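> When you get a sec, could you give me coordinates for this:
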Amino acid sequence: MTPQELIRLHPFFSDLSRGDVETLLGRTTLKRIAAGRVLFSKDAPGDGLYGVLSGRIAFTMDSTEGKKLTLNALGPGEFFGEIALLDGKGRSAAAIARETSQLLFIPREAFLAFARERPDTLLHIVGVVCSHLRRSTEYIADTAFLVLQRRLAKTLVGLLDGGREVRVSHAELASMLGVSRERVSRQLAEWKERRILDQRRGRLMVRDAGALERLVSGHG
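Predicted coordinates for the structure are as follows:
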């Protein structure tokens, strides 16, 4: 994946002209981070936006009891750091490389200078942010009201994003849902018996996406 292809995937920049994309890319840098290294810690200065060209980045938080919660894990074609890009405040979670990764970095000051010259781009970004807030509200409601089976199915459907394979571990799924790894493993084992999915090391191969979608809707 090239930086040009990557930047087109982010909703913030989907409406940019080819010339504007090249102008923005001229203000970016490439960063390489080895597997297991911390890219930034929680509350670190919000200095810009990252896009994943290759590898995998996970986001974690520590509870007051010392437990580590995995919020999400992102791979090629995905971005993180939008909140820090816009408000410049501390990072809301720590970022750790699960694999050796190459990242595209857009510094906050360079982005702000670019956006000030393009009011239509700013209006477009406001719309994207509002859409994200609506999804966050839906997630909170799901956590409160949906049983684990439906929550897990909904998480997998979201991670699939039209594909058939999800690169995620049982522990990562458990952290995303705020439940034990054992509960997630039991549910995945049940779905394997029902031929809804197959399990491989660090990956899930979905055989029947329709079954997961029916579970999400409450008809599974």
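
> Output the lowest mean pLDDT helix or strand found in the chain.
Taking mean pLDDT, DSSP states H and E as the measure, the chain has helix 119-145 as its least confident helix or strand, at a mean of 68.

> After that one, heading C-terminal, what element do we hit next?
As assigned by DSSP states H and E, the chain's next helix or strand after helix 119-145 is helix 148-160.

> show me where the chain has helices.
Ranges of helices within the chain are 3-9, 18-25, 82-87, 108-116, 119-145, 148-160, 170-177, 181-193, 209-217, based on DSSP state H.

> Now tabulate those in JSON lines and tack on distance to residue 35.
The C-beta positions use only the backbone N, C-alpha and C, and glycine is treated the same way. Putting the helices of the chain into JSON lines (distance: least, C-beta to C-beta, whole Å) gives the following:
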{"stretch": "helix 3-9", "distance to residue 35": "20"}
{"stretch": "helix 18-25", "distance to residue 35": "26"}
{"stretch": "helix 82-87", "distance to residue 35": "23"}
{"stretch": "helix 108-116", "distance to residue 35": "27"}
{"stretch": "helix 119-145", "distance to residue 35": "29"}
{"stretch": "helix 148-160", "distance to residue 35": "21"}
{"stretch": "helix 170-177", "distance to residue 35": "15"}
{"stretch": "helix 181-193", "distance to residue 35": "21"}
{"stretch": "helix 209-217", "distance to residue 35": "30"}
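
> possible to save these as a markdown table with mean neighbour count and distance to residue 68?
As requested, those are arranged in a markdown table below (neighbours: other C-beta atoms under 10 Å; distance: least, C-beta to C-beta, whole Å):
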| stretch | mean neighbour count | distance to residue 68 |
| --- | --- | --- |
| helix 3-9 | 16 | 29 |
| helix 18-25 | 14 | 35 |
| helix 82-87 | 18 | 21 |
| helix 108-116 | 15 | 27 |
| helix 119-145 | 12 | 19 |
| helix 148-160 | 19 | 18 |
| helix 170-177 | 20 | 7 |
| helix 181-193 | 15 | 12 |
| helix 209-217 | 16 | 27 |
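
> Quickly, which of those bottoms out on average pLDDT?
For the helices of the chain, mean pLDDT drops lowest on helix 119-145, to a mean of 68.

> For residue 98, which of the helices of the chain is the nearest?
Residue 98 lies closest to helix 170-177 among the helices of the chain, at 8.8 Å (C-beta to C-beta).

> Also compute the angle for that closest one relative to helix 181-193, please.
Regarding helix 170-177 and helix 181-193, their directions subtend 110 degrees when assessed with axes from the mean of the first three to the mean of the last three C-alpha atoms, to 10 degrees.

> So what pairs up with residue 80 in the strands?
Using DSSP bridges, the beta-bridge partners of residue 80 come out as residue 50.

> ok, it - how many residues close by?
Applying other C-beta atoms under 10 Å, we find 20 other residues in the vicinity of residue 80.

> Hmm, it is touching residue 95, no?
Yes - proximity of residue 80 to residue 95 meets the contact threshold set by C-beta atoms under 8 Å, at 6.9 Å.

> Of the helices of the chain, which is nearest residue 69?
Distance to residue 69, taken as C-beta to C-beta, is lowest for helix 170-177 among the helices of the chain, at 5.1 Å.

> Report the central residue of the chain.
Among the residues of the chain, the one closest to the centroid is residue 74, at 4.6 Å (C-alpha atoms, centre = their mean).
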